[in-house]
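> only geometry, no sequence info:
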């Protein structure tokens, strides 16, 4: 085949096949019709038709995050590309490998404001890891393989390949997968042995250590999670994780402290605040994690493992930076740890664990299910209890429900938790669930949602119905943009400006209108049976779980506060937000 | 060209290229250069050279000089598009609109010993290049002139031992008493 000339469109399809792509998400339009024509004439790559290009991007993200492979989307020029931008930005922030193929107007019309033209590479420059405009069909195959290489290696991210329509028609030579050696792009995978040695020495000398892990462990592949578990058990240290890193370490383990950060547990945040050695594996000191920077873990020596050199010393200065892939560095750390026959001071470790357990006994995620209304935490907990025996994947939207899901759904495995962390994109959950279900047809896929977020991409339920994807949309319906309302309560004198979800649809009827099933639960005593009914139904379900309208998400570190200034569930709300904190989001 | 099924008119016509030296006065504000450069990449225009520096510290205006090529129509379109950018004051083509002067500066590093050293210095004198660094094995020459003159000098220096070259790109100004 390689010597035979193919059209640009055929080259696209051939490159996808050679990259092992089985599914792509997309929406046709004028400037990608030749590629759709080529896709139509083969069976290897299956195309999933979404209802909006943002949905294609989030579906590809869900697919990528649950499989570890690149997610692929195909959209047309102009509005097709601009609609995908939110998903690209989301993937950029959360380091998700995507390859986004966009159609473009013919080369000679570029710059002329042609129909459905936009400057796709210009618009997407800031929200992609890299992007290409292919003007010569002979470059096309190389660029496509390059795009997959860049998207999936180093710190993963989205890559856009913009292909003008005349290039799709023109005939050119195909070149297959070659070992691409870049002159400029060469991510460093192996950590510096001297630094790893230094890190392990520091860990052995620690008296109050804590592991702080993030999405980098998930991105380094399932082996990284296995190695993380081994190292954490070898050392006996407590471990916490960011929102993006949940599942890398099992939540049922005694060493697990729960998630840290703004809505993290008391024990996780206090351990971060009081530790003397912090071992950051694949996390990036995000502002939702650190709180007030000048009060962030003041007494600790910090080790930071990250594949992206620009993450190191970006906001927090560290003592032992290690640039490398988490799996490689963890493996080396284990080897060095084992080679040194010494152990951390046992008395100090016992005292540290006693302190951690005392914090844990505070039960910072506690809530009381009383009365006739369902507490949202209770709903998530029951959902967890009724699904934990199954192979379950959870996606979320953004807001209170997302935090309650992170706190109360307990993850034992990596790649089971798909959420929009960095960008915080409402509307992520349904299309992400579509992508996950396409990748794992036999698994249980649940979008834990809020009634506000879910309406941003509700139309993707139609996609789920079309492709018989039995996703479950579990809405914690409190008739508010709950997190906005919570902040208005804490910061703005309870003036709930535009955070009430007015004119809500009847979600049961809405599900039925789409051809799915609608279920509503109102009372706590009917919740289990209704959840079971949802699980037993072989098809898409919207579950309208009517919950307590004014429940707040705690614990909470208010903006501008330090880890040891948390608001706990039983504390007086409204306390602890400084004037400077109100400036922060 | 065999017209494939397309909603767009596809043309294989080869354009006649022309050159332009655009002198663009802009407010020196954050992102102004990015807007200008982004316009060129987004609309598929060429940039052959680009220089920029603040020229009026009181008014915070900068002059950007861009050498570009394209058909006459495309160059007109570039000028019109540049004129649409909010921080742009003025766009003048110093190759067409006004008679202009163009100069470029180059720093040229030569490694030479023995007879080649004398030859390098002799050529430098012909081109009126100045020696700004010297070691027993090398020279760095500073040379100002039109891009064609610099090309010619570099061409002559290759056999003598050109090591590396740094060029500023073209700066330009209109002739006569009036401001550009």
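Good, I have the coordinates. Owing to the predicted nature of the structure, the values given are computational and were not obtained by experimental measurement.
> residues in contact with residue A:313?
Contact analysis of residue A:313 by Cβ atoms under 8 Å, 6 or more residues apart in numbering or on different chains lists residue A:321. In this view, the C-beta of every residue, glycine as well, is placed from N, C-alpha and C.
> against residue A:326, how distant is it?
Separation of residue A:313 from residue A:326 (Cβ to Cβ, to the nearest Å): 18 Å.
> who does residue 130 bridge with?
Picked chain A for this. Beta-bridge partners for residue A:130, by DSSP bridges, are residue A:159.
> not what I meant, chain B
Beta-bridge partners recorded for residue B:130 (DSSP bridges): residue B:142.
> neighbours of it, how many?
Neighbourhood size, residue B:130 [other Cβ atoms under 10 Å in any protein chain shown]: 11.
> is it correct that it is in contact with residue B:140?
No. If you go by Cβ atoms under 8 Å, residue B:130 and residue B:140 don't touch, sitting 9.6 Å apart.
> which strands or helices does the longest helix along chain B pack on?
Counting by DSSP state H, the longest helix found in chain B is helix B:147-161. With contacts defined as 3 or more Cβ pairs under 8 Å, 6 or more residues apart in numbering or on different chains; DSSP states H and E, helix B:147-161 has these neighbours: strand B:100-111, helix B:115-127, strand B:138-145, strand B:162-167.
> how about residue A:61: what's its closest non-neighbour residue?
Closest residue to residue A:61 apart from its sequence neighbours, by Cβ to Cβ, 6 or more residues apart in numbering or on different chains: residue A:96 at 4.8 Å.
> and the one you found, how many neighbours?
30.
> would you mind measuring from it to residue A:222?
For residue A:96, the distance to residue A:222 equals 16 Å [Cβ to Cβ].
> need the helices and strands packed on helix B:147-161 in TSV with mean neighbour count, can you?
Below are the helices and strands packed on helix B:147-161 laid out as TSV (neighbours: other Cβ atoms under 10 Å in any protein chain shown):
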stretch	mean neighbour count
strand B:100-111	18
helix B:115-127	15
strand B:138-145	18
strand B:162-167	14
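> how many residues are close by the one residue in the stretch 351-500 of chain A that gets nearest to chain B?
As assessed by Cβ to the nearest Cβ, chain B sits closest to residue A:423 within the stretch 351-500 of chain A, at 22.1 Å. If you count neighbours by other Cβ under 10 Å, residue A:423 ends up with 18.
> need the pLDDT of it.
On the pLDDT scale, residue A:423 is placed at 98.
> kindly report the same for residue A:585.
Residue A:585 is assigned 59 on the pLDDT scale.
> again with residue A:58
pLDDT, read off for residue A:58, is 98.
> over to it: give its phi and psi.
Main-chain torsions, residue A:58, degrees, to the nearest 10: phi -70, psi -40.
> which ones are touching it?
Residue A:58 is in contact with A:87, A:90, A:425, A:427-428, A:431-432, A:435, A:457, counting by Cβ under 8 Å, 6+ apart.
> where does pLDDT dip in the chain?
This is for chain A. Counting by pLDDT under 70, the ranges of chain A that qualify are A:1-3, A:179-180, A:571-585.
> that's the wrong chain, I meant chain B
With pLDDT under 70 as the threshold, chain B has low-confidence stretches at B:1-7, B:9-15.
> excluding its backbone neighbours, what's nearest residue A:495?
In space, residue A:495 is closest to residue A:488, 6.2 Å off (Cβ to Cβ, 6+ apart).
> my guess is the one you found contacts residue A:500, does it?
No. Contact criterion Cβ under 8 Å: residue A:488 and residue A:500 do not qualify, at 10.5 Å.
> those two: who's more crowded?
For residue A:488 versus residue A:500, the count of surrounding residues by other Cβ under 10 Å is larger for residue A:488: 18 against 15.
> list of residues touching the strand or helix carrying the more buried one?
Assigned by DSSP states H and E, residue A:488 belongs to helix A:482-491. Contacts with helix A:482-491, where a contact means Cβ under 8 Å, 6+ apart, come from A:398-401, A:403, A:450, A:452, A:476, A:494-497, A:499-500, A:550-553, A:558, A:573-574, A:577, A:582.
> next one: stretch A:235-242
Against stretch A:235-242 from outside (Cβ under 8 Å, 6+ apart): A:203, A:206, A:209-215, A:232, A:248-249, A:255-261, A:264-265, A:267-268, A:271-272, A:279, A:283, A:286, A:289, A:337, A:344, A:349, A:352-353, A:356, A:421.
> can you get me the start-to-end distance on it?
This stretch, stretch A:235-242, spans 20 Å end to end (Cα to Cα, to the nearest Å).
> quick check: phi and psi at the residue positioned nearest the centre of chain A.
By Cα atoms, centre = their mean, chain A has its centre lying nearest to residue A:419, at 4.0 Å. The phi/psi pair for residue A:419 (degrees, to the nearest 10) reads phi -150, psi 150.
> and it, what does it touch?
A:243-244, A:395-396, A:398, A:402, A:405-406, A:428.
> you'd agree residue A:383 is in a helix?
Yes. Looking at residue A:383 with DSSP: H, G, I helix; E, B strand; the rest coil, it is inside a helix.
> number of nearby residues for it?
Residue A:383: 27 surrounding residues under other Cβ under 10 Å.
> related to what we said a few turns ago, buried ones only from the contacts of stretch A:235-242, please, as a PyMOL command.
A single PyMOL command selects the buried members of the contacts of stretch A:235-242 (16 or more other Cβ atoms under 10 Å in any protein chain shown):
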select buried, chain A and resi 203+206+209+210+211+212+213+214+215+232+248+249+255+256+257+258+259+260+261+264+265+267+268+271+272+279+283+286+289+337+344+349+352+353+356+421
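> now, which of the contacts of stretch A:235-242 lie within helices?
Per DSSP H, the subset of the contacts of stretch A:235-242 in helices is A:203, A:215, A:232, A:267-268, A:271-272, A:289, A:337, A:349, A:352-353, A:356.
> kindly indicate which of these lies nearest residue A:173.
Within the ones in helices among the contacts of stretch A:235-242, the smallest distance to residue A:173 is 39.0 Å, found for residue A:215 (Cβ to Cβ).
> my guess is that closest one contacts residue A:281, does it?
No. Residue A:215 is beyond contact range of residue A:281, at 10.5 Å (criterion: Cβ under 8 Å).
> before we move on, what SS does residue A:469 have?
Strictly by three-state DSSP, residue A:469 counts as coil.
> ok, now how distant is residue B:145 from residue B:86?
Counting by Cβ to Cβ, the gap from residue B:145 to residue B:86 is 36 Å.
> sorry, that was for residue A:190
Counting by Cβ to Cβ, the gap from residue A:190 to residue B:86 is 48 Å.
> do residue B:151 as well
37 Å.
> out of the two, name the residue with the larger neighbour count.
Between residue B:151 and residue B:86, residue B:151 has the larger neighbour count (other Cβ under 10 Å), namely 14 against 9.
> how about residue A:277, phi and psi?
According to degrees, to the nearest 10, residue A:277 has phi -140, psi 120.
> okay but it is in contact with residue A:203, surely?
Yes. Shown here, residue A:277 and residue A:203 form a contact pair, counting by Cβ under 8 Å, at 6.2 Å.
> common neighbours of these two, please.
Common neighbours of residue A:277 and residue A:203, using Cβ under 8 Å, 6+ apart, are A:209, A:303.
> just the strands in the stretch 101-250 of chain A please.
A:130-133, A:158-164, A:171-173, A:209-213, A:239-241 (DSSP state E, counting those that start in this stretch).
> any idea which of those gets closest to residue A:80?
Nearest of these (Cβ to Cβ): strand A:158-164, 11.0 Å.
> by contact count, what packs against that closest one?
helix A:79-94, strand A:98-104, helix A:120-124, strand A:130-133, helix A:137-152.
> which positions in the stretch 401-550 of chain A make contact with chain B?
Where proximity means Cβ under 8 Å from any Cβ of the partner chain, the stretch 401-550 of chain A presents no interface facing chain B.
> rewinding a little: single out the most deeply packed of the helices and strands packed on strand A:158-164.
Using mean count of other Cβ atoms under 10 Å in any protein chain shown, the stretch among the helices and strands packed on strand A:158-164 with the largest mean neighbour count is strand A:98-104, at a mean of 28.
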